[in-house]
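Peer 1: structure for the following, please:
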Amino acid sequence: DVQLQAFGGGSVQAGGSLRPSCAASGFTFDDYAIGWFRQAPGKEREGVSCISGSDGSTYYADSVKGRFTISTDNAKNTVSLQMNSLKPEDTAVYFCNFFDMSTGLDYWGQGTLVTVSS
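Peer 2: Got it, this is the predicted structure:
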């Protein structure tokens, strides 16, 4: 099974930066997408960004375009989310997600809390 280990959340003031990462293991194929969802208190979980394992194409939610950048390392076993110009509304628990496109299965890492103070 795919396993995900997230790390690198934290607290910053508005305008600051954070770079949460997620180490993935247990897969040997490229037909997947890996990325981040977030859930703020009292709100539904929403997709933030993801990257394709096969062609590196990326997706960003409109709310983070131009501020967040997703990337993987050369071995594609760690995905990072560079978050710049953070806003208080970015405060949420961020969850790493791995989507196996061949089976349709989702795998989730534990959440990492990001807090942005004004």
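Peer 1: for Asp31, give its distance to Ser57.
Peer 2: 13 Å (C-beta to C-beta, to the nearest Å). C-beta coordinates here come from the backbone N, C-alpha and C atoms, glycine included.
Peer 1: next, work out how far apart the spatially most central residue of the chain and Ser118 are.
Peer 2: The centroid of the chain falls nearest to Trp36 when counting by C-alpha atoms, centre = their mean (2.4 Å). According to C-beta to C-beta, Trp36 and Ser118 sit 23 Å apart.
Peer 1: same check on Met101?
Peer 2: From Met101 over to Ser118 the distance is 39 Å, taken as C-beta to C-beta.
Peer 1: tell me which of the two has more neighbours.
Peer 2: Ranked by neighbour count (other C-beta atoms under 10 Å), Met101 and Ser118 place Met101 first, with 14 against 9.
Peer 1: where does pLDDT dip in this structure?
Peer 2: Within the chain, the segments meeting pLDDT under 70 span 74, 76.
Peer 1: 50 instead?
Peer 2: Nowhere does the chain drop to pLDDT under 50.
Peer 1: quick one, strands of it?
Peer 2: In the chain, the strands defined using DSSP state E lie at 3-7, 10-13, 21-25, 32-39, 46-52, 58-60, 68-72, 78-83, 92-100, 105-108, 112-117.
Peer 1: give the buried residues for the first one.
Peer 2: Using 16 or more other C-beta atoms under 10 Å as the test for burial, strand 3-7 gives Leu4, Ala6.
Peer 1: tell me how far the ends of stretch 109-118 are from each other?
Peer 2: Start to finish, the residues bounding stretch 109-118 are 28 Å apart (C-alpha to C-alpha, to the nearest Å).
Peer 1: done for today, thanks.
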